[in-house]
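Enquirer: Below are the sequence and a predicted model; questions follow.
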Amino acid sequence: MESRQSPSIVLGVTSAAIFGLGLWGCGGSGVSVAQPTLQSKAALGKALFFDKSLSAPTGMSCATCHSPNQGFTDPRPGFPTSQGVVKGLFGFRNAPTAAYAAYTPVFQQLAGTGAIGGQFWDGRAADLAAQAKLPLLNPIEMANPSAASVVAAVEKGPFAGALRKFYGATIFHDVPTAYSAIADAIAEFEKTPAVSPFSSKYDAYLAGTATLTAGEQSGLAIFNGKGLCFSCHPSTTAPDGTPPLFTDFTYSNLGLPKNPLNPYYSLPAKFNPLGASFIDIGLQTTTGRLTDTGKFKTPTLRNIAVTGPYFHNGLFLNLADVVRFYNTRDSGAFGPPEVSANMETSTVGNLKLTDQESADLVSFMQTLTDGYIKP
């Protein structure tokens, strides 16, 4: 989960225009009882994604931390990680964007070291449906006591008929099956163009309908050259025609320092028994391998200009500081890494970018925001 220090930014035009979010999916507990008939699993999933009745207490939905107005991340200002439904409880990681997550391959542990794919910063959920199940039951996120309580909330809510329609008349007879159906529907919504629209200026540039400014063009050249960004964030169309996703879905330890402002460190011992001494070991929590200690999944850079704060612990508030970290990490100006083992050294730390090159790099990344309208 994450939140924002900067104001919420609507991506070019209204979110309803970009993402197709009818008003029936955004208010109160998600929709009114007098909703339009849901015509697909994806439509049901969208309704559930915005349903604020699926937390305990009610009041928090998936969209609370993954708003379309903020590139499907948390629009709430004030903290580097997100507050859950219970006031004062915060996760220890920044919420990754839900946008373009559907293109992430199923988690696969690589031989020797590392992994590819999977959801969350540490890949602990193999795919979208597995991911959708976990925040609902996390005590410092949506805080439901059990899958049964989530299923019961859906069964007594306005979407019970739709769940029966798409998953069978007896779907509520078995809690695990019903819970999996709820997660599957949310995943189906996350697979739609509403969540992954490919509507940035860079997409228009690739299609030949937009021209990059001189600074943006310079930034693209730096991105694919001296800045070495392309090594983990490929900027070219895939062989199957998929537009660039700006991630290779791998895991790295960038040598990021701890974030002293992370509110997780001050949670009661019930939720964080280690207090400020907590160390986030990243991928190792999923694979159990020491060779994966401190590694986190490479995020997509799509919508990166509107999805700060950045990195898994929300350490940096703006892209200029992110670039400065990549460029000069090894200068010692940022403090010691939280995890020094397995640290990436070939593409981070001493890039020798000039101030102008760094600024141009930021200018290029700003072209990756969805909702571009040609002036």
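Expert: Right, received. Where do you want to start?

Enquirer: rest of the way, CA atoms for contacts and neighbours
Expert: Noted.

Enquirer: nearest spatial neighbour of residue 287, skipping sequence neighbours?
Expert: Closest residue to residue 287 apart from its sequence neighbours, by CA to CA, 6 or more residues apart in numbering: residue 109 at 7.3 Å.

Enquirer: Which element is encountered next along the chain beyond the longest helix belonging to the chain?
Expert: When the chain is scanned for its longest helix (criterion: DSSP state H), the result is helix 175-190. Heading C-terminal from helix 175-190, the first helix or strand you meet, by DSSP states H and E, is helix 201-206.

Enquirer: Going by neighbour count, list what's buried in that next one.
Expert: 201, 202, 203, 204 (16 or more other CA atoms under 10 Å).

Enquirer: The last one touches residue 197, doesn't it?
Expert: Right, the one you point to is residue 204. No. Between residue 204 and residue 197 there is no contact, the gap being 12.0 Å when judged by CA atoms under 8 Å.

Enquirer: ok, residue 229 - contacts?
Expert: Residue 229 is in contact with 223, 347, counting by CA atoms under 8 Å, 6 or more residues apart in numbering.

Enquirer: Just the pLDDT at it, thanks.
Expert: Note on residue 229: pLDDT of 98.

Enquirer: Give me the distance between it and residue 215.
Expert: In this structure, residue 229 and residue 215 are separated by 17 Å, where distance is defined by CA to CA, to the nearest Å.

Enquirer: Check residue 322 too.
Expert: Residue 322 sits 18 Å away from residue 215 when distances are taken as CA to CA.

Enquirer: go on, residue 101?
Expert: From residue 101 over to residue 215 the distance is 29 Å, taken as CA to CA.

Enquirer: neighbour count winner among these two?
Expert: Each of residue 101 and residue 215 had its neighbours counted (other CA atoms under 10 Å), and the higher figure belongs to residue 101 (23 against 17).

Enquirer: Over to the more buried one: give its phi and psi.
Expert: Main-chain torsions, residue 101, degrees, to the nearest 10: phi -70, psi -20.

Enquirer: I figured it was touching residue 128, is that so?
Expert: Yes. Under the contact definition of CA under 8 Å, residue 101 touches residue 128, with a separation of 7.5 Å.

Enquirer: which neighbours do the two share?
Expert: The overlap between the contact sets of residue 101 and residue 128 (CA under 8 Å, 6+ apart) consists of 119, 190.

Enquirer: tell me the mean pLDDT over stretch 201-209?
Expert: Stretch 201-209 shows a mean pLDDT of 98.

Enquirer: burial of residue 130, as a residue count?
Expert: Here the number of neighbours of residue 130 (other CA under 10 Å) works out to 16.

Enquirer: For the closest residue to it other than its chain neighbours, grab the count of nearby residues.
Expert: The shortest distance from residue 130 to any residue that is not its chain neighbour, by CA to CA, 6+ apart, is 7.2 Å, and that residue is residue 183. Applying other CA under 10 Å, we find 21 residues neighbouring residue 183.

Enquirer: Compute the distance between residue 183 and residue 135, please.
Expert: For residue 183, the distance to residue 135 equals 11 Å [CA to CA].

Enquirer: Got the phi and psi for residue 223?
Expert: Torsion angles at residue 223 (phi, psi; degrees, to the nearest 10) stand at phi -60, psi -40.

Enquirer: Correction: the previous question concerned residue 250.
Expert: Here residue 250 shows phi and psi, under degrees, to the nearest 10, equal to phi -90, psi -180.

Enquirer: residues near the closest residue to it other than its chain neighbours, how many?
Expert: Of all residues beyond its chain neighbours, the one nearest residue 250 is residue 116 (4.6 Å), with distances taken as CA to CA, 6+ apart. Taking other CA under 10 Å as the neighbour definition, residue 116 ends up with a count of 19.

Enquirer: Residue 116 and residue 148, how far apart?
Expert: Taking CA to CA as the measure, residue 116 and residue 148 are separated by 32 Å.

Enquirer: which stretches of the stretch 51-200 of the chain form strands?
Expert: Residue ranges of the strands in the stretch 51-200 of the chain, as given by DSSP state E, counting those that start in this stretch, are 108-109, 115-116.

Enquirer: Most tightly packed of the ones you listed?
Expert: Each of the strands of the stretch 51-200 of the chain was given a mean neighbour count from mean count of other CA atoms under 10 Å, and the largest, a mean of 22, is that of strand 115-116.
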